[in-house]
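1. All I have is the shape, not the residue letters:
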Ligand SMILES: *[C@@H]1O[C@H](CO)[C@@H](O)[C@H](O)[C@H]1NC(C)=O
Ligand SMILES: *[C@@H]1O[C@H](CO)[C@@H](O)[C@H](O)[C@H]1NC(C)=O
Ligand SMILES: *[C@@H]1O[C@H](CO)[C@@H](O)[C@H](O)[C@H]1NC(C)=O
């Protein structure tokens with residue numbers, strides 16, 4: 001179902017700050033069960049009614065990476081670490097990886113469930129953001145909101161600040177890794193299905209990721225092939241030849257020193273891209289974005305830990321038992337996953353199917369390159385067209401709401 005009108009008047013949009021503002025009179029307050037310290041608000045674009053709060057998630061993995069690595073206390077140590085990391089033949093990853101270990105915890109995950117104003121859908125999209133952002137990536141500003149478009153198509157969305165970002169827990173930096181984050185994401189899928197959020201059992205759960213969030217979402221399809229009804233992988237490919245250039249371009253800095261107002265007291269193992277220039281290099285393609293959006297992205301940038309950067313390739317791999325729909329959607333000029341051109345040496349979004357979903361019927365696979373967009377696709381002018389591609393893909397796959 002596609003609503004033909006904006007649900008709320010423009011005046012309510014002006015309230016947008018941390019959230020999209022308070023509910024207008026006449027809109028029923030949703031059930032907030034399952035959320036600790038809940039607040040009810042509109043999405044930034046104004047089309048969705050949302051509940052935000054903390055959700056405790058228990059998770060365990062015996063596939064954690066054991067690192068033989070001491071987190072540098074200084075910027076010089078940090079910079080040297082990533083110089084070694086990107087040097088071919090340095091053997092850096094082999095030197096610092098020392099087998100596996102188990103990781104577990106009950107993590108407080110700051111989460112947001114959004115729905116259309118007067119209905120609770122039977123389907124929900126679990127939105128997992130990437131490095132450099134937090135959950136606001138999915139509802140960044142009016143006109144840039146994935147949440148709004150999904151809700152317009154009749155879906156609910158569930159976004160969360162990944163571990164170590166936003167208001168979610170910030171464990172020791174080497175203990176934040178893809179294997180435990182995969183279990184957290186998969187447990188959120190189970191909780192959505194079993195009625196833990198808002199006392200509502202969702203029948204259909206679609207996983208949508210961006211970048212690192214796509215690595216996790218793809219990892220779920222490989223490890224738990226029955227978990228998701230569809231997977232949407234954005235800012236993603238299997239060509240990692242530009243990751244070193246991307247990491248170098250970020251000019252990683254100690255978060256607590258770089259933005260002390262936001263990250264004061266955070267462990268030096270929490271890092272951010274250094275400046276608005278680094279942010280543009282990693283995530284943007286001119287002239288496909290509004291400079292004000294780049295400034296906002298820099299002001300709200302999210303941290304990443306050494307553990308996350310060192311475990312990037314630990315969970316993604318061929319999903320031979322997964323048979324549900326998959327779409328890969330990239331900004332056509334994505335830097336880390338396409339070296340700035342997703343059409344060369346082939347369509348790198350399309351190339352994901354033979355590499356990771358060799359058993360999947362071609363009819364269940366979609367791919368799309370958004371024009372004049374970089375890795376931070378959702379922050380570009382062409383984002384909304386990509387959102388419509390994704391929602392139409394789900395509808396074509398029999399997953400419309
Ligand atoms: C969970 O983690 C703690 C350390 O945080 C550890 O002592 C305990 O053995 C772990 N439990 C399991 C089941 O691995
Ligand atoms: C990955 O991309 C690079 C840069 O565009 C290209 O040179 C290389 O051939 C690609 N590798 C594969 C396996 O497609
Ligand atoms: C990207 O690669 C394709 C195929 O090689 C080429 O036709 C196109 O001009 C390239 N785009 C840019 C912006 O360089």
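-> Alright, I've got the coordinates. Since the model is a prediction, treat every value here as computed from it, not as a measurement. Ligands and ions are numbered 1, 2, ... in the order given.
2. if I pick the nearest residue to residue 251 once chain neighbours are set aside, what's in contact with it?
-> Residue nearest to residue 251 in three dimensions, not counting chain neighbours: residue 274, with 3.7 Å by Cβ to Cβ, 6 or more residues apart in numbering. Backbone N, C-alpha and C define where each C-beta goes, glycine included. By Cβ atoms under 8 Å, 6 or more residues apart in numbering, the contact list for residue 274 reads 250, 251, 252, 253, 258.
3. helix, strand or coil for residue 274?
-> When classified by DSSP: H, G, I helix; E, B strand; the rest coil, residue 274 comes out as coil.
4. which regions of the stretch 51-200 of the chain lie under the pLDDT threshold?
-> The stretch 51-200 of the chain contains no residues with pLDDT under 70.
5. ok, which stretches of it are strands?
-> For the stretch 51-200 of the chain, the strands defined by DSSP state E, counting those that start in this stretch cover 97-115, 123-128, 156-160.
6. Farthest-apart pair in the contacts of residue 274, please.
-> Across those, the longest distance by Cβ to Cβ is 11.4 Å; it joins 250 and 258.
7. Neighbour count: the two, which is higher?
-> residue 250 (24 against 20; other Cβ atoms under 10 Å).
8. What residues does the protein have near ligand 2?
-> Proximity of the chain to ligand 2 (Cβ under 6 Å from any ligand atom) is limited to residues 239, 241, 339, 344, 345.
9. Export those as JSON lines, with columns for secondary structure, neighbour count and distance to ligand 3.
-> Rendered in JSON lines, the data for the residues of the chain next to ligand 2 read as follows (DSSP: H, G, I helix; E, B strand; the rest coil; neighbours: other Cβ atoms under 10 Å; distance: Cβ to the nearest ligand atom, whole Å):
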{"residue": "239", "secondary structure": "coil", "neighbour count": "19", "distance to ligand 3": "13"}
{"residue": "241", "secondary structure": "coil", "neighbour count": "11", "distance to ligand 3": "15"}
{"residue": "339", "secondary structure": "coil", "neighbour count": "20", "distance to ligand 3": "10"}
{"residue": "344", "secondary structure": "coil", "neighbour count": "11", "distance to ligand 3": "4"}
{"residue": "345", "secondary structure": "coil", "neighbour count": "9", "distance to ligand 3": "7"}
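10. Next, find the distance separating the residue in the stretch 1-150 of the chain that ligand 2 sits nearest to from residue 371.
-> Closest to ligand 2 within the stretch 1-150 of the chain is residue 88: 14.5 Å, counting by Cβ to the nearest ligand atom. Using Cβ to Cβ, to the nearest Å, residue 88 is found at 33 Å from residue 371.
11. same question, residue 65
-> Taken as Cβ to Cβ, the span from residue 65 to residue 371 is 38 Å.
12. So which of the two has more stuff around it?
-> residue 65 (21 against 14).
13. Just confirm the more buried one contacts residue 309, I think it does.
-> No - under the criterion of Cβ atoms under 8 Å, residue 65 is not in contact with residue 309, lying 11.5 Å apart.
14. OK, contacts around residue 311?
-> Applying Cβ under 8 Å, 6+ apart, the residues near residue 311 are 65, 177, 178, 179.
15. Compute the distance between it and ligand 3, please.
-> Here the criterion is Cβ to the nearest ligand atom, to the nearest Å. By it, residue 311 lies 31 Å from ligand 3.
16. Provide the partner residues of residue 326 in its beta bridges.
-> residue 231, residue 365 (DSSP bridges).
17. Could you tell me the per-residue confidence at it?
-> You'll see residue 326 listed with a pLDDT of 98.
18. show me what contacts it?
-> 221, 230, 231, 232, 233, 352, 353, 357, 360, 364, 365, 366.
19. again, only using 6 Å
-> Contacts for residue 326 (Cβ atoms under 6 Å, 6 or more residues apart in numbering) come out as 231, 357, 365.
20. would JSON lines of those residues with pLDDT be doable?
-> Shown next, in JSON lines, are the contacts of residue 326 (pLDDT from 0 to 100):
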{"residue": "231", "pLDDT": "98"}
{"residue": "357", "pLDDT": "98"}
{"residue": "365", "pLDDT": "98"}
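21. Show the buried residues in those.
-> 231, 357, 365 (16 or more other Cβ atoms under 10 Å).
22. what about the second one, distance to residue 95?
-> Translated: residue 357. Residue 357 is 33 Å from residue 95, by Cβ to Cβ.
23. what does residue 81 give?
-> To residue 95, residue 81 is 11 Å away according to Cβ to Cβ.
24. And residue 301, by the same measure?
-> In terms of Cβ to Cβ, residue 301 sits 29 Å off from residue 95.
25. Okay, and which of the contacts of residue 274 map to helices?
-> By the criterion of DSSP state H, membership of these in helices covers 250, 258.
26. which of the contacts of residue 274 lies closest to ligand 3?
-> Nearest to ligand 3 among the contacts of residue 274, with distances taken as Cβ to the nearest ligand atom, is residue 250, at 22.2 Å.
27. relative to strand 156-160, how tilted is the helix ranked longest in the chain?
-> Ordering each helix of the chain by length in residues (DSSP H) puts helix 178-194 first. Helix 178-194 runs at 150 degrees relative to strand 156-160, counting by axes from the mean of the first three to the mean of the last three Cα atoms, to 10 degrees.
28. got the contact list for helix 178-194?
-> Contacts of helix 178-194 (Cβ under 6 Å, 6+ apart): 57, 59, 61, 63-64, 103, 124, 128, 163, 202, 205, 216, 219-220, 224, 227, 311, 314-315.
29. Run me through the strand neighbours of the helix or strand just after that helix, direction for each.
-> Using DSSP states H and E, the next helix or strand after helix 178-194 towards the C-terminus is strand 204-210. Strand 204-210 pairs in its sheet with strand 123-128 (parallel), strand 230-234 (parallel), by DSSP bridges.
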